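S.K.: Could you work out the structure for the sequence below:
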Amino acid sequence: MRKSFRKIYIESTQFDGIIGIYRMLIYCEIYTKRSSVYCNAVNKLIKKLQYVDVVLHLETDATANSAFEHTQLMELVDNYQPLPNIDLFRDLIKKMFEKSVTTVQISATTPYKLEVQGQKIFASNVYDEINEKIEKNGNISQIEICVKDDLILDTDLTFKGKSLILAANNRIVVPKPVICDLSGKDAPNLTIEPAADGISPGELDGKNGKDGIAGESSGHMVISTKLIDGEENLSIVLNGGNGSNGQNGGNGADGEDGVGVKFEDVFGFGHSARKITKQVVNKITFATYSRMIDNNIKKTVLPEGVIHEQSDSANYSSTHTFEFFYGANGKPGGKGGKNGCSGEGGKKGKLDVLPNEEHKNNKMKIQATDGKDGYPGKPGKNGENGKDGWDVAMLWITFNKPLEYGKNHNVKLSLTYTDVASDESVYVREKDNGPGSKCYAQITEKPCTRKFLQEKRTEFKSDSERSGEAIAVKATAINLEEVIQKQQSFGHLLKTDAIDQEQQIDSEAVGENEIGRIIELWEPFVDLESVRQ
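M.R.: Numbers count the residues shown, from 1 in each chain. Reported below is the predicted structural model:
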């Protein structure tokens, strides 16, 4: 019954839908060679059936002509709209082409590893699928292509910063010049503005520059196979990516200028009236008043840092006065921000070829260098100190015209002492310690200036102080023992497959099982006798 049904099923042309497609596939696999039309039809079917993580590659037979049945198959596939509950046929079709099927999926035990497995794999057929998986899953850092038979490297493989394992139980074939590039990406080296400058008044210090970003490290690579055919065609690039530049530090803001008092505010009419009154009293009393009260220098600190210094000294019957208002010192400028360190160059990758004893004189071209460090930023400039505030002063001897200094509010004054009296000095009782004493005060002036800035820029931050993203991280090493063990297990599976094939030489038994499953679905709907007729 089952053998009869199988013959009727294969030779019938009255089926459509998935049953008709499956029938046509069996017929074409048995009676025809694989033409390009046939292979295209099968690939289109695989996409319509929406297999997960499956890539199919059928090799076209160069001697094949496009049979009528191949065109029929293409029409059936074009007209087919997948229906639910067709898992039986999806499984049967996948099994039919299992030697041409490649799976591309995340490892069940290692979430960061993408596993590509198949009987025979052409790199060009899985390259796009691998990249799609990487784009969807940013955690993938290692790709493993494990093949039971031959791995054909027929296209360049570029997986930036990813590690790659190529393991083929039989051989790896490189039919033409191919580049495997696992180099790390260069860090983005955008033109960036310096860090923010300090603000006056406010936060005077400039902001520190940010460190550059490290270049991505190259992935590692392992090749494990008995033979590399066309080894001289293979170039491997395992360079680290270049680091980016550090940011310049912000400049410190200039310090605020100091202030002084206005001459007219402190040496106005009221001040003159008070001093003249004291001079008259001292003249009448032969300076008794000042001898009793004023002979000391008095200092007072006023608001905003202004210092008031004065002395009224009796000299015979005269009053010798000096009065000095020191302007406040200028405030220090802000410190420049530190420079950002350079981003470190990414680390180079490592190539291992297994087993070592069979690949002593490999002819591959290998390039592996660390990436270049970026340039460090420049430290920010320190802000200038503020100008010192202006000074005002007056020297006055009884009934003489006072000597006035700093009326234009733009000079610094210095009070110095000498042992020689002059028309531009006054006697200071407190400084008189006997003959030869420097007890005569006089005033000199110079323009208001800023205090000298000791360091133009803040200290330089060395690359030894890198932190965070500026430090390159080497790719995780590939576990070579694990690679060897996995390949050995693949070899065991290959031997098991060969034994199974020998034990199942009678393909009729396999067909019987498949046809039996189809009968179970088909019998309620189809009259077998009508099909025979």
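S.K.: all contacts plus neighbour counts: C-alpha atoms, from now on.
M.R.: Noted.
S.K.: Can you name every helix or strand that the host helix or strand of Thr300 contacts?
M.R.: In this structure, Thr300 is located in strand 298-301 according to DSSP states H and E. Strand 298-301 is packed against strand 307-315, with contacts defined by 3 or more Cα pairs under 8 Å, 6 or more residues apart in numbering; DSSP states H and E.
S.K.: Which other helices and strands does the strand it packs on contact?
M.R.: On a contact count with 3+ Cα pairs under 8 Å, 6+ apart, strand 307-315 meets helix 288-293, strand 298-301, strand 318-326.
S.K.: Show me what it pairs with in its sheet, parallel or antiparallel.
M.R.: If you go by DSSP bridges, strand 307-315 pairs up with strand 298-301 (antiparallel), strand 318-326 (antiparallel).
S.K.: Show me which positions of the first one end up buried.
M.R.: Spelled out, that is strand 298-301. Going by neighbour count (16 or more other Cα atoms under 10 Å), nothing in strand 298-301 comes out as buried.
S.K.: Other residues contacting that strand?
M.R.: 307-311 (Cα atoms under 8 Å, 6 or more residues apart in numbering).
S.K.: and which of those residues is nearest to Val259?
M.R.: Distance to Val259 across the contacts of strand 298-301 (Cα to Cα) is lowest for Ile307, with 11.1 Å.
S.K.: pLDDT at the closest one, what is it?
M.R.: On pLDDT, Ile307 comes in at 95.
S.K.: all strands of the stretch 301-450 of the chain, in order?
M.R.: 307-315, 318-326, 351-354, 365-367, 392-397, 403-405, 411-418, 425-427, 440-447 (DSSP state E, counting those that start in this stretch).
S.K.: about what we covered before: can you add mean pLDDT and give the strands paired with strand 307-315 back as a markdown table?
M.R.: Formatted as a markdown table, those follow (pLDDT from 0 to 100):
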| stretch | mean pLDDT |
| --- | --- |
| strand 298-301 | 92 |
| strand 318-326 | 91 |
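S.K.: is it possible to export these to CSV including distance to Lys456?
M.R.: Putting the strands paired with strand 307-315 into CSV (distance: least, Cα to Cα, whole Å) gives the following:
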stretch, distance to Lys456
strand 298-301, 32
strand 318-326, 28
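S.K.: okay, how far is it across stretch 80-100, tip to tip?
M.R.: Using Cα to Cα, to the nearest Å, the end-to-end distance of stretch 80-100 comes to 23 Å.
S.K.: Can you point out the buried residues in that stretch?
M.R.: 80, 89-90, 93-94, 99-100.
S.K.: cool, stretch 309-319 as well?
M.R.: Within stretch 309-319, the residues that qualify as buried are 309-315, 317-319, counting by 16+ other Cα under 10 Å.
S.K.: Let me know the closest of the residues you listed to Phe122.
M.R.: Lowest distance from Phe122 to these (Cα to Cα) belongs to Glu309, with 95.4 Å.
S.K.: returning to what we had before: nearest to Ala195 among the strands of the stretch 301-450 of the chain would be which one?
M.R.: With Cα to Cα as the criterion, Ala195 lies closest to strand 440-447 of these, at 34.9 Å.
S.K.: Give the partner strands of that closest one in its sheet and their orientations.
M.R.: Counting by DSSP bridges, the strands paired with strand 440-447 are strand 411-418 (antiparallel), strand 425-427 (antiparallel).
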